[in-house]
Each structure stands twice: as structure tokens, then as C-alpha cells.
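**Q** Sharing a sequence plus its predicted fold:
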Amino acid sequence: MELLSTKVISNEFLGDGFFLLKVKNLWGTEISPGQFFQIRPSKGLAPFLSRPFSVFHADIESLWFLIKLVGFGTELLLEKKKGDTLQLLGPLGKGFPERPGVTLVAGGSGLGPLFYYAKRTGNYKRFLWGLKSKPPEGLENLLKGLNTFIVTEDGSKGGKGLVTDFVDDEEDRIIYACGPVPMLRSLKNFKKAQIWVSVETVMACGMGLCFGCSVKKSSDTGYFRACKDGPVFNLRDIKI
């Protein structure tokens, strides 16, 4: 884990609020899918806190982050141009273990860590991605060659319904998932599968000091720290 200043390589708006931020990789390639970086959007005091983003892809030269435009902090990141400086702290957290025969289940911007798992390992059974409607072409093009099945709630692309409707409790015995809380909760209904989830939550420090990202344990009254103990957890170990 290191706090370093790095340069923006490119920043591409993909449509529907998604953009792909690429920065110079000063941290090496030993970054696990599911790990994240705290990105400081501005040198000023606003916003006061850094923002956590899962690694979308990493190679020797660059780190990629798939970001959804949701507020002031992400607006500042969208404005970054080639050559601009950003402060990044990372890599942080614990990622997904590499196992054979994994089914990848992503919801919306939860695509990030699972895209990286698919690209880095190539070792998965199926890759499902659920959205409300058809994804922008620029984002869909990034998935070429990954054998991804898209599910949309309105049926405008691929299967119609919720992405969890296309998970099979008999066939998908190991599941890695990342997405909105309702999607992760619905996976609790699958009793036979071993399920690991990447929890998306606000992380103030990213190092386990502030306890702002606490996640309830399922076994007792204690809490995990998503940034330190996760963000990847066995679904059976947490309450969501």
C-alpha cells in the first residue's frame, strides 16, 4: 500500500454516466481483482474524503477505473484530462481468490472487479452482467472476447429480467458477485452455491482506522471493516 501521485493517461466518457479513467501504474502488477484504490479527486478540501474505486484492469503501464457519475466527487474525476495529477492510495483490501469454475455475476457498475478477474485469470465458467437497460456501446465493446451474457430489466439487450434470474443454484456452484445491495441480498436465496461478494460501501480512510465502512457479521454482534477485512466476503459471513 502506497500513497503516490500519478498522471492521467486518458479519461473517456462511455455514455449513460459511465467513464473510464486510466492512470499511470506506479504500484506494479501484484494487484488482486477486488482490491481498490482511494482516489483524491481534488487538491482542495472539497470533497474532504477520497473516493474508493475497484480496479477495472491493471497492467505494467496503467491502472483502469470504471466510474459511474453520481455526484460532486465523480464530476471532478470526469473533468480530469491527460497529464493531470491524481493522488492514489493503494492497493487496498482483500480481493477474490482464484478458483476454477467460477460464475461471475455483476450488477451495474459492480462490473469493475469481475471484469478484472475475467481479464486477469481467464478462469471462469460464466460471466453475467445485469443492468436496467442496454449498456452504452463504448462500454459493451470493452467486454468483447469475455463471453459475457448481458441481462436488462427492460429487455433491450440480452436476457430480460434481473441478473439473478439467470443464476442456477444447481449449475453455478461457486459465485463471485459485485453489485447493488438488493442483488447481493437475493443471492442469499441460493443455498447450494459458495458465494463471495464484493461489498460496495463508503470508505473514509481505506485502512480500517475509522470504522466508517462497518459490515455486520452474521455469526455474532461484531462487525467487519469492509476496507480491511474485505471488501470481498463469503456471503454467509455477513448481514446485508
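**A** Received it, and whenever you're ready, just let me know what you need. Numbering: from 1, shown residues only.
**Q** what does the longest helix anywhere in the chain rub up against?
**A** When the chain is scanned for its longest helix (criterion: DSSP state H), the result is helix 111-121. For helix 111-121, contacts defined as C-beta atoms under 8 Å, 6 or more residues apart in numbering pick out 33-35, 53-58, 65-66, 95-96, 98, 102, 104-106, 124, 127, 129, 142-143, 146, 148, 176-178, 198, 232. Backbone N, C-alpha and C define where each C-beta goes, glycine included.
**Q** Give me the next element, helix or strand, following it.
**A** Toward the C-terminus, helix 111-121 is succeeded by strand 126-131 as the next helix or strand (DSSP states H and E).
**Q** all helices for this structure, in order.
**A** Under DSSP H, the chain gives helices at 72-78, 111-121, 137-142, 181-186.
**Q** Determine which stretch of those is the most buried.
**A** helix 111-121 (a mean of 24; mean count of other C-beta atoms under 10 Å).
**Q** Near the residue nearest to Thr148 when sequence neighbours are not counted, how many other residues are there?
**A** Distances taken as C-beta to C-beta, 6 or more residues apart in numbering place Phe127 nearest to Thr148, at 4.5 Å, with adjacent residues excluded. Here the number of neighbours of Phe127 (other C-beta atoms under 10 Å) works out to 22.
**Q** same question, Gly222
**A** Gly222: 8 neighbours (other C-beta under 10 Å).
**Q** pLDDT (mean, whole number) over the longest helix of the chain?
**A** For helix 111-121, mean pLDDT is 95.
**Q** Ok, stretch 191-202 next?
**A** 88.
**Q** coming back round to it: check contacts around the residue nearest to Thr148.
**A** Applying C-beta under 8 Å, 6+ apart, the residues near Phe127 are 103-104, 106, 114, 118, 146-149.
**Q** State the phi and psi torsions of Cys227.
**A** phi -80, psi -30 (degrees, to the nearest 10).
**Q** what about the longest strand in the protein?
**A** strand 2-15 (DSSP state E).
**Q** In that strand, which residues are buried?
**A** Neighbour counts using 16 or more other C-beta atoms under 10 Å place 6, 8-9, 11, 14 of strand 2-15 among the buried residues.
**Q** Lovely, talk soon.
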